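> Can you look at this prediction? I've put the sequence above it.
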Amino acid sequence: MSDGVPVGARATLARVGAESIISIAAGLSIGERRFAIAHEIAHLLMHAMQSSLGLCTGEDMATTDDERFRLEVEASDCATHVLMPVAIARQFCGETNPWHGIRAMADELLVSTPAAARRFIELSDRPAALVYQVEGRVKWVHPSAAFPGFIPRKRSVRRESPAFGFWNQGACSNDGAVVPARVWIPSAEEGATLVEHAIASPEFGSAMSIVSLPSPLPAEL
Ligand SMILES: [Zn+2]
């Protein structure tokens with residue numbers, strides 16, 4: 001069931017002759033349903049020569065098959081471009097607190113908050129990473145192409161992170177905070193810092209942080 005990861009389709013596509021049936025997992029939000037349907041339509045448009053039955057399942061993003069993984073990324077990229085076109089999505093990327101823009105994008109474009117957050121990271125001028133946390137640990141990371149550090153999965157959320165409040169006390173501040181870069185990036189230079197904005201989703205048992213490089217940009221982390 002849904003864990004907020006927007007890249008997996010959590011839907012299946014079956015094709016028999018000229019007919020296609022898209023089945024969506026139960027319990028998804030409207031934003032997650034829209035993304036799953038757009039993902040499956042993208043398969044239909046782009047991957048017509050692939051096997052006709054059971055082309056896509058919710059488990060496919062975890063596949064170790066490189067070719068299968070490439071098809072899944074292609075379908076999700078297409079869904080992202082259709083649901084959050086650059087010219088429209090960019091309008092939400094100028095807020096000082098990124099979550100204000102991300103929430104507005106999710107509301108206006110009817111997409112899930114994690115999907116809007118990933119789009120924000122891709123379109124942001126500043127190198128940044130989205131860190132999705134479950135049970136007090138990093139579940140997945142979506143860095144922008146220019147983000148210089150490696151944030152490992154399963155890393156525990158450190159006390160200095162504003163997200164720590166959610167894991168420790170059930171609520172966290174949405175204000176931006178300057179944190180040591182080593183809070184997230186084990187190999188970061190001593191004294192290097194990151195700007196972090198956290199948001200908690202108690203209904204999903206998750207928290208997300210957007211970490212970005214401080215201004216002015218440092219020479220290295
Ligand atoms: Zn798929």
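Perfect, I can see it now. Everything numeric in this text was worked out from a predicted model, so none of it was measured.
> Check the offset of stretch 25-35 from the chain's centre.
Here stretch 25-35 shows a centroid-to-chain-centroid distance of 15 Å under the convention CA atoms, centre = their mean, to the nearest Å.
> got the CA coordinates for that stretch in CSV?
Only the C-alpha atoms of stretch 25-35 are listed here, as CSV (Å, rounded to 0.1, in the frame of the first residue of the first chain):
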residue,chain,number,x,y,z
ALA,A,25,-4.7,0.1,-5.9
ALA,A,26,-7.3,0.9,-3.3
GLY,A,27,-6.8,3.6,-0.8
LEU,A,28,-4.8,6.1,-2.9
SER,A,29,-5.3,9.8,-2.7
ILE,A,30,-6.6,11.7,-5.7
GLY,A,31,-3.1,12.9,-6.4
GLU,A,32,-1.7,9.4,-6.2
ARG,A,33,-4.5,8.0,-8.4
ARG,A,34,-3.9,10.6,-11.1
PHE,A,35,-0.1,9.9,-11.1
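> Give me the mean pLDDT for that stretch.
For stretch 25-35, the mean pLDDT works out to 87.
> can you pull the pLDDT of Cys78?
pLDDT at Cys78 comes out at 93.
> Three-state assignment for it, please.
Following DSSP: H, G, I helix; E, B strand; the rest coil, Cys78 is assigned to helix.
> tell me the contacts of it?
Listed by CB atoms under 8 Å, 6 or more residues apart in numbering, the contact partners of Cys78 are 38-39, 42, 45-46. Just so you know, the C-beta spots here come from the backbone N, C-alpha and C atoms, and that holds for glycine as well.
> give me that answer again for 7 Å
Cys78 makes contact with 42, 46 under the criterion CB atoms under 7 Å, 6 or more residues apart in numbering.
> repeat for Ser124
Applying CB under 7 Å, 6+ apart to Ser124 gives the contacts 93, 144.
> ok, it to the ion distance?
26 Å (CB to the ion, to the nearest Å).
> pLDDT below threshold where in this protein?
The chain contains residues with pLDDT under 70 at 1-9, 49-64, 216-221.
> Which residue ranges of it form strands?
With strands called from DSSP state E, the chain shows them at 11-16, 19-24, 128-134, 137-143, 177-180, 193-201, 206-212.
> and of those, who's closest to the ion?
Of all the strands of the chain, it is strand 11-16 that lies closest to the ion, at 7.2 Å by CB to the ion.
> Buried ones in that closest one, by neighbour count?
11-13, 15 (16 or more other CB atoms under 10 Å).
> Which members of the residues you listed additionally contact the ion?
Counting by CB under 5 Å from the ion, nothing from these sits close to the ion.
> Domain map for the protein?
Domain segmentation of the chain under automatic domain parsing yields 11-83, 86-212.
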